[in-house]
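[1] predicted model follows, preceded by the sequence.
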Amino acid sequence: MNTNNKANNQIISSFAKKDPKDALIEILINILIPIVILSNFSSEERLGIKLSIIIAFALPLTYGSYDYLRTKNKNFFSILGVISVSLSGGLTLLEVDAIYIALKEASIPLIFAFAIIYTMRGDKSLLHHLMENPIIVNVDSILVSLKKNNQLDKYNNLLRKCTAIFAASFMLSAILNFFLAIFVLTGEPGTEQFNHQMAKMLALSFPVNAVPPMIINIINLLYLFNKIKVFTGLKLEQIMRS
């Protein structure tokens, strides 16, 4: 396997299916508990401004490091996630202006987008490699049907177009991340009010930043598989593995 394919497979592995139990634990540790700490324990009578920030961001950082050691999952996005949490806590402790936190929030999905675009160099793309995975799809049946119907070129163009839409959804998330931080973080850094606003930003991050790209990609995947059915003449159950 050449270097390009190895890099693509590392990116693909970052989108691997998670255990639902692990996903719930991640939501609890990465979002819900930090929100509670920043919202309710930032006063001087409780943890105080600095300590509440340290604990709120140390929890996801510790869990991310533990999960990395437990699973030995060295994929690009897991490492980037740990770096992102470290930067969020560090910038908040340094009491930098909101614009810097906004830029940091935008930079993470933007890096995801560029990583996906990186897979599009050459003739293939991220979705090409996903659709060549025999665990996910019936590769041989698809290729035979495409060649029989003389639709292979249209199929390749489709995968590249849908990969570009996938990357664009992360760019949209970057824009939403940036403006969410700008509009929410209006308080003075290093104050209890700012901690409360950080908690609010975390609470809004999923509905504001994740839901629109998620809707785009659901539509994107529906479009992808509908077009594959047209190109191949196969039913969905013949395209996908059981």
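    That came through, no problem. Numbering: from 1, shown residues only.

[2] what's the burial count for residue 215?
    Residues contacting residue 215 under the criterion other Cβ atoms under 10 Å number 11. Any C-beta I mention is one placed from the backbone N, CA and C, and that applies to glycine too.

[3] kindly report the same for residue 146.
    When neighbours are defined as other Cβ under 10 Å, residue 146 has 20 of them.

[4] can you offset everything so residue one is 570?
    Got it, first residue is 570 now, which makes that one residue 715.

[5] run through the residues that contact it.
    Listed by Cβ atoms under 8 Å, 6 or more residues apart in numbering, the contact set of residue 715 reads 721, 724, 800, 801.

[6] measure the last one to residue 695 for me?
    Applying Cβ to Cβ, to the nearest Å, one obtains 20 Å for the distance of residue 801 from residue 695.

[7] do residue 730 as well
    Computed with Cβ to Cβ, the distance linking residue 730 and residue 695 is 12 Å.

[8] of these two, give the one with the bigger neighbour count.
    For residue 730 versus residue 695, the count of surrounding residues by other Cβ under 10 Å is larger for residue 695: 24 against 16.

[9] confidence score at the residue lying closest to the more buried one once chain neighbours are set aside?
    Nearest residue to residue 695 in three dimensions, chain neighbours excluded: residue 688, at 4.1 Å (Cβ to Cβ, 6 or more residues apart in numbering). Here the pLDDT value assigned to residue 688 is 84.

[10] now do the one 3 residues further on
    At residue 691, the predicted lDDT confidence score is 78.

[11] next, residue 693: secondary structure please.
    coil (DSSP: H, G, I helix; E, B strand; the rest coil).

[12] that one and residue 772, how far apart?
    Residue 693 sits 39 Å away from residue 772 when distances are taken as Cβ to Cβ.

[13] chain center to stretch 712-726: distance?
    A distance of 31 Å separates the C-alpha centroid of stretch 712-726 from that of its chain, computed with Cα atoms, centre = their mean, to the nearest Å.

[14] for it, C-alpha coordinates in CSV please.
    Listed next in CSV are the C-alpha coordinates belonging to stretch 712-726 (Å, rounded to 0.1, in the frame of the first residue of the first chain):
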residue,chain,number,x,y,z
LEU,A,712,-17.9,-2.5,-10.2
VAL,A,713,-19.4,-5.2,-12.4
SER,A,714,-22.7,-3.3,-12.8
LEU,A,715,-21.0,0.0,-13.4
LYS,A,716,-18.8,-1.4,-16.2
LYS,A,717,-21.7,-3.3,-17.7
ASN,A,718,-23.8,0.0,-17.8
ASN,A,719,-20.8,2.1,-18.9
GLN,A,720,-21.3,4.4,-15.8
LEU,A,721,-17.8,4.1,-14.2
ASP,A,722,-16.8,7.7,-15.1
LYS,A,723,-20.0,9.1,-13.8
TYR,A,724,-19.6,7.1,-10.6
ASN,A,725,-16.1,8.4,-10.0
ASN,A,726,-17.3,12.0,-10.6
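
[15] for it, which positions count as buried?
    By neighbour count, and taking 16 or more other Cβ atoms under 10 Å as the criterion, the buried residues in stretch 712-726 are 714, 715, 720, 724.

[16] could you measure from the first one over to residue 772?
    Spelled out, that is residue 714. For residue 714, the distance to residue 772 equals 47 Å [Cβ to Cβ].
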